[in-house]
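# Generate coordinates for the sequence data below:
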Amino acid sequence: MTPSFQTLDWLIIAGYIGVLIAIGIYFQRRDAANTKDYFLAGGQVPSWLAAISTIATMQSAATFLGAPDYGFRGDFTYLGTNIGTILAALFVGLVLIPRFYKAKANTVYELLNIRFGKGAMQAAGAMFLVGRVLAEGSRIYLAAIAVSMMTFGDVSMHGIIVSAFAIIFVSFIISFFGGLTSVMWTDLVLFFIYIGAAIGSFIYLLVLIPADYGAIIEGLRNTPEGINKLKLVDFSVDFSKPFSLLAILTGMFLLSTASFGLDQDISQRLLASKDAKTGAKSLYTAAILTLPIVCLFIAIGQLLYVFYSRADLMQGATSIAPSGSFKGQNVTVFMYFILTQIPVGLKALATIGVLSAAISTVNSGLNSMSSVLIQDFYLPWREKRKPAKPHHYVDAGRIGMAIVGLFLFAMAVFSYVWQSSSDIPLLQFVLGVMTFAYAGLLGVYFTAIFTNRGSTTSVIAALLVGFLSIFMMQPAIASALNYPQFWQTLAFPWQLCIGTMVSFAVCMIGDDAKGKDAVSA
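Residues are numbered from 1 along each chain as shown. Below is the predicted model of the structure:
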């Protein structure tokens, strides 16, 4: 396969990148005076902007490319994960956000400083940084697949290296000058671009498929393979399935709770609101609006299945299906369609949708990771030795973003080796990577909020044990150590449940009187 971009396509993409960089430079004129301005946008973000920015951060390239891939391969059961998302949003909004505002925290990990001490805060912050490098790097890798296909016509190590660097560089420019304010307003633009690209692609697919809507629906409900691709809920008790209802109400609920409330990447937006009520409102809005967005992307995958696999519905005019680049997996089916089927001009707009999903996530990660690096580590260290003016920490935050960018680049390249040597579909790969840090953080925060147990030592031990628990349950490790078949096929939501319980038990071993009432609502 070779890319078929024409001059008009490249001009549109170049103009798009130019506009994004211009937005970032514009915010240089509104230089942040202190870290609250730079990392929390002055604490005056309206709920509607925080909600859209949260959605843009949540809906990364994993959604833009991964959800259509899931719809192409399977059914609508991934949509059911939004049940866990909404329940988690309620939990975070009612339980966690009020505590963060009461503690006047700039990062969610400052709560642990009150409860256990600075050592616990920094340990949690370090775990966030490690986990975010893993998760964000894998998302960049997913977007780099699209850019590599667009630029080089394949997915190779060279293509991933060049593409990942380009994505990180553009995101860095956007975030560098204006901090979170720049990121959130850019997210607003990117949100409408990638949603518009998705809607346009969905409509274009409907135009290409000659069958009427009724025939398409019936064809998806009764496939030649005997599968109902419209199935919405999986009631089975199968621990190898990541999106069964039981897995959604347990592991996926925990995953969303950690993502919303314990991951600075998203919680940063909630802390940037004027009060806890406004922050919670933006989170509820984001969780609800995510439902139709995910549905749209899965539906695109379903139509791609019809387009490539159902000659009966295409009146014998199906196109050659993508062969895939990773052991026959059709991991790039939507990008393949964009490159080979969408006409000039529209092809560039659809590709911009992929880039928008990627950049909105990366610039958020750069800012949030730098926030933790500076607020929880550098600032306490510097103030103890030689206090500095507020703007010094803004400059330090910009340097922090450059450091973070290098680690994200390395992880994106490593993800190519990791995922291409496994049989894990991309969507499950990206979500599974997030559990490494989340297991320990969930165990620690549940201890801090719901019990009077725990200490700095047990917090550190719980974070490490949580990470190691997830690592030891990875399919490659389970297979190499000849675990029973149950453990070798255990889906990532169940891995997160087990890792969280182990981490919680370890954290409960500690007993420290410090701050036992400090985090009560």
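
# Going by C-alpha atoms from here, please, whenever you check contacts or count neighbours.
Noted.

# Enumerate every residue touching the spatially most central residue of the chain.
Central residue of the chain (C-alpha atoms, centre = their mean): Met58, 5.0 Å from the mean position. Contacts for Met58 (C-alpha atoms under 8 Å, 6 or more residues apart in numbering) come out as Ile266, Thr361.

# Number of residues surrounding Leu339?
Applying other C-alpha atoms under 10 Å, we find 24 residues neighbouring Leu339.

# try Asn482
11.

# isn't there a helix covering it?
No. Per DSSP: H, G, I helix; E, B strand; the rest coil, Asn482 lies outside any helix segment and is coil.

# separation between it and Gly466?
As defined by C-alpha to C-alpha, to the nearest Å, Asn482 lies at a distance of 21 Å from Gly466.

# cool, and Gly226?
Taken as C-alpha to C-alpha, the span from Gly226 to Gly466 is 40 Å.

# Which of the two has more residues huddled nearby?
Gly466 (29 against 9).

# nearest residue to the more buried one other than its sequence neighbours?
Closest residue to Gly466 apart from its sequence neighbours, by C-alpha to C-alpha, 6 or more residues apart in numbering: Gly440 at 4.2 Å.

# secondary structure element for the one you found?
Take DSSP states H and E as the rule and Gly440 turns out to sit in helix 426-450.

# same for that helix, what does it pack against?
With contacts defined as 3 or more C-alpha pairs under 8 Å, 6 or more residues apart in numbering; DSSP states H and E, helix 426-450 has these neighbours: helix 118-152, helix 253-257, helix 456-472, helix 492-507.

# 10 Å - rerun?
helix 67-73, helix 110-115, helix 118-152, helix 253-257, helix 390-420, helix 456-472, helix 492-507 (3 or more C-alpha pairs under 10 Å, 6 or more residues apart in numbering; DSSP states H and E).

# And the next helix or strand past the least confident helix or strand in the chain by mean pLDDT?
Between all helices and strands in the chain, the lowest mean by mean pLDDT, DSSP states H and E belongs to helix 35-40, at a mean of 57. Downstream of helix 35-40, the first helix or strand assigned by DSSP H and E is helix 47-58.

# quick one: the closest residue to Ala51 other than its chain neighbours and Phe5, what's the gap?
Using C-alpha to C-alpha, 6+ apart and skipping the chain neighbours, the partner closest in space to Ala51 is Ser282 (4.4 Å). Per C-alpha to C-alpha, Ser282 is found 39 Å from Phe5.

# Same drill for the two, tell me which one is more crowded.
Ser282 (25 against 17).

# Let me see the contact set for that one.
46-55, 89, 93, 269-270, 273 (C-alpha atoms under 10 Å, 6 or more residues apart in numbering).

# before we move on, which element is it in?
Per DSSP H and E: helix 276-309 holds Ser282.

# Tell me which helix or strand comes right after that helix.
helix 333-341.

# Taking their axis directions, the next helix or strand after that following helix and helix 47-58 sit at what angle?
Next helix or strand after helix 333-341 toward the C-terminus (DSSP H and E): helix 346-372. Inter-element angle recorded for helix 346-372 and helix 47-58: 100 degrees (by axes from the mean of the first three to the mean of the last three C-alpha atoms, to 10 degrees).

# list the buried ones in helix 346-372?
Going by neighbour count (16 or more other C-alpha atoms under 10 Å), the buried part of helix 346-372 is 346-372.

# Please apply the same query to stretch 78-89.
So stretch 78-89, judged by 16+ other C-alpha under 10 Å, has buried residues Tyr78, Leu79, Gly80, Thr81, Asn82, Ile83, Gly84, Thr85, Ile86, Leu87, Ala88, Ala89.

# Show the model's pLDDT score for the spatially closest residue to Ile13 that is not a sequence neighbour.
Nearest residue to Ile13, sequence neighbours excluded (C-alpha to C-alpha, 6+ apart): Ala348, at 6.2 Å. Per-residue confidence (pLDDT) for Ala348: 80.

# now Trp418
Looking at Trp418, the pLDDT reads 75.

# how many neighbours does it have?
Neighbours of Trp418 (other C-alpha under 10 Å): 14.

# Check Asp154 too.
20.

# Next: Gln485.
Gln485 has 11 nearby residues by other C-alpha under 10 Å.

# I'd assumed Phe239 was in contact with it.
No. The pair Gln485 / Phe239 is not scored as a contact, 11.1 Å apart, by C-alpha atoms under 10 Å.

# orientation of the top helix by length along the chain relative to helix 333-341 in degrees?
When the chain is parsed with DSSP state H, its longest helix is helix 157-208. Inter-element angle recorded for helix 157-208 and helix 333-341: 70 degrees (by the same axes, to 10 degrees).

# With respect to Ala22, which of the helices and strands packed on helix 426-450 lies nearest?
For the helices and strands packed on helix 426-450, proximity to Ala22 was assessed by C-alpha to C-alpha; helix 390-420 is nearest, at 17.7 Å.

# the inter-axis angle of the closest one versus helix 426-450?
Using the same axes, to 10 degrees: helix 390-420 against helix 426-450 is 130 degrees.

# Between helix 118-152 and helix 390-420, find me the angle.
Using the same axes, to 10 degrees: helix 390-420 against helix 118-152 is 60 degrees.

# And helix 390-420, what does it pack against?
Using 3+ C-alpha pairs under 10 Å, 6+ apart, helix 390-420 sits against helix 35-40, helix 118-152, helix 157-208, helix 346-372, helix 379-385, helix 426-450.

# The longest one to helix 276-309, inter-axis angle?
The one in question is helix 157-208. Using the same axes, to 10 degrees, helix 157-208 lies at 80 degrees relative to helix 276-309.

# Ok, the fourth one next?
Comparing the axes of helix 346-372 and helix 276-309 via the same axes, to 10 degrees yields an angle of 140 degrees.

# ok so, going back, what sits against the residue nearest to Ile13?
5-6, 8-14, 16, 150, 197, 338-339, 342, 354.

# Out of these, which comes closest to Ala124?
Out of those, the member with the shortest distance to Ala124 (by C-alpha to C-alpha) is Val354, at 31.9 Å.

# so the closest one makes contact with Ile13?
No. Taking C-alpha under 10 Å as the definition, Val354 is not a contact partner of Ile13, at 11.4 Å.

# What does the pLDDT read for Ile203?
pLDDT, read off for Ile203, is 92.

# Enumerate every residue touching it.
By C-alpha under 10 Å, 6+ apart, the neighbours of Ile203 are Ile300.
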